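J.: what follows is a predicted protein model with its sequence.
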Amino acid sequence: KQEVTQIPAALSVPEGENLVLNCSFTDSAIYNLQWFRQDPGKGLTSLLLIQSSQREQTSGRLNASLDKSSGRSTLYIAASQPGDSATYLCAVRRGTTDSWGKLQFGAGTQVVVTP
Amino acid sequence: SAVISQKPSRDICQRGTSLTIQCQVDSQVTMMFWYRQQPGQSLTLIATANQGSEATYESGFVIDKFPISRPNLTFSTLTVSNMSPEDSSIYLCSVEGFGTGTDTQYFGPGTRLTVL
C-alpha cells in the first residue's frame, strides 16, 4: 500500500530565505506527482505536476524535483515571501489502470514566512 | 484550467440529518472525484463519480452513507447521510481530463461541514 510522508510537518522561515519541502513515497510505481498549496479554510491550488518520466518541473520561483527510484520529491521555493505562507501538500498518482486519477496525499507541511 | 464551484461553501447541520453538496465545472471533464479532509488531517478519496452509472467507492466508504450522482460531464452531487459529529470535515470535489487532456487535477473550494 502506498504511503506518502511529508517532512517537516511545519516550517517557519524569515522572508527572503529559500524553502525546501520534502515528500517521500513507498511505492515507486507512480504515474505522476503533484504539489498543491492550501490556504486556511480554502480548497487546493495546483502548483506543479511532475510526470514519472520527468526529473523536475519549474514555474516561476517554484521548482520541484522527482527521484522515483528513491521515492522522493522536493519542492523548492526561492526567495520566500509572506504570501507563501500556507500548507503545501504532495500527492502521488498510481500507475495502474484501476486507480486512474486517484491521488494519495501526504499530511502536508505548514509553512509560515515571517516579514 | 477549469473553474469549479461548490455549494454550499459551509453549513452547520444537526445529527441525523443529510446534506447534499453540489459541484459544478465550467467545462466538460472526464473524471470527477470527491475527497474528505477531516480536521487537522490530509485529504482522503471517498469515491470516483461516474457519469451515468454508480460511483466507485474507496475502502471504508459506502453508497448508503455517501450517495453520489453525476448526471452529466459538468455536474456532480455528494450527499452525506444520517450525519454524526464524526462527519464534520471539509468535502472537496476535484476534476481531471478536459481541454488538452492534462493530467493535472483541479480542486473546488470545498464545503466546510460542521455536525452538532
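T.: That came through fine.
J.: and the residue nearest to the spatial centre of chain B, bridged to which residues?
T.: Against the mean C-alpha coordinate of chain B, by Cα atoms, centre = their mean, the closest residue is B:Trp34 at 3.3 Å. Legend: beta-bridge partners of B:Trp34 under DSSP bridges are B:Ala47, B:Cys93.
J.: now A:Lys39. Nearest residue, chain neighbours left out?
T.: For the record, residue A:39 is Asp, not Lys. A:Ala86 (5.1 Å; Cβ to Cβ, 6 or more residues apart in numbering or on different chains). Where C-beta positions appear, they are placed from N, C-alpha and C, glycine not excepted.
J.: tell me where the model's unsure across chain A.
T.: Low-confidence segments of chain A, defined by pLDDT under 70: A:96-100.
J.: on that earlier part again, who are the contact partners of the residue nearest to the centre of chain B?
T.: B:Trp34 is in contact with B:23, B:45-47, B:49, B:66, B:68, B:76, B:78, B:91-94, counting by Cβ atoms under 8 Å, 6 or more residues apart in numbering or on different chains.
J.: out of those, which is most surrounded?
T.: Using other Cβ atoms under 10 Å in any protein chain shown as the neighbour test, these are led by B:Cys93, with 30 neighbours.
J.: so how far is A:Ser12 from that residue?
T.: Computed with Cβ to Cβ, to the nearest Å, the distance linking B:Cys93 and A:Ser12 is 32 Å.
J.: would you check that A:Gln38 makes contact with A:Ser46?
T.: No. Judged on Cβ atoms under 8 Å, A:Gln38 makes no contact with A:Ser46 at a distance of 10.8 Å.
J.: can you list phi and psi of B:Ser27 for me?
T.: Phi and psi for B:Ser27, reported as degrees, to the nearest 10, are phi -150, psi 160.
J.: ok, it to chain A distance?
T.: B:Ser27 sits 16 Å away from chain A, going by Cβ to the nearest Cβ, to the nearest Å.
J.: partner strands of the helix or strand bottoming out on mean pLDDT in chain B and their direction?
T.: None of the helices or strands of chain B scores lower by mean pLDDT, DSSP states H and E than strand B:106-107, at a mean of 90. Strand B:106-107 has its sheet partners listed here by DSSP bridges as strand B:89-96 (antiparallel).
J.: ok, and what's touching the strand it pairs with?
T.: Residues contacting strand B:89-96 (Cβ under 8 Å, 6+ apart): A:43-44, A:101, A:103, B:2, B:4, B:6, B:21, B:23, B:25, B:29-39, B:43, B:46, B:49, B:76, B:78, B:80, B:102-113.
J.: name the residues of stretch A:9-21 that are buried.
T.: By 16 or more other Cβ atoms under 10 Å in any protein chain shown, the buried positions in stretch A:9-21 come out as A:Leu11, A:Val13, A:Leu19, A:Leu21.
J.: thought the second one was touching A:Thr114?
T.: Yes. With the criterion set as Cβ under 8 Å, A:Val13 and A:Thr114 qualify as a contacting pair; they are 7.3 Å apart.
J.: for stretch A:10-30, measure first residue to last.
T.: With Cα to Cα, to the nearest Å as the measure, the ends of stretch A:10-30 fall 26 Å from one another.
J.: typo on my end, it should be stretch A:39-46
T.: 12 Å.
J.: so where's chain B uncertain?
T.: Residues of chain B that meet the cut-off, pLDDT under 70, sit at B:98-102.
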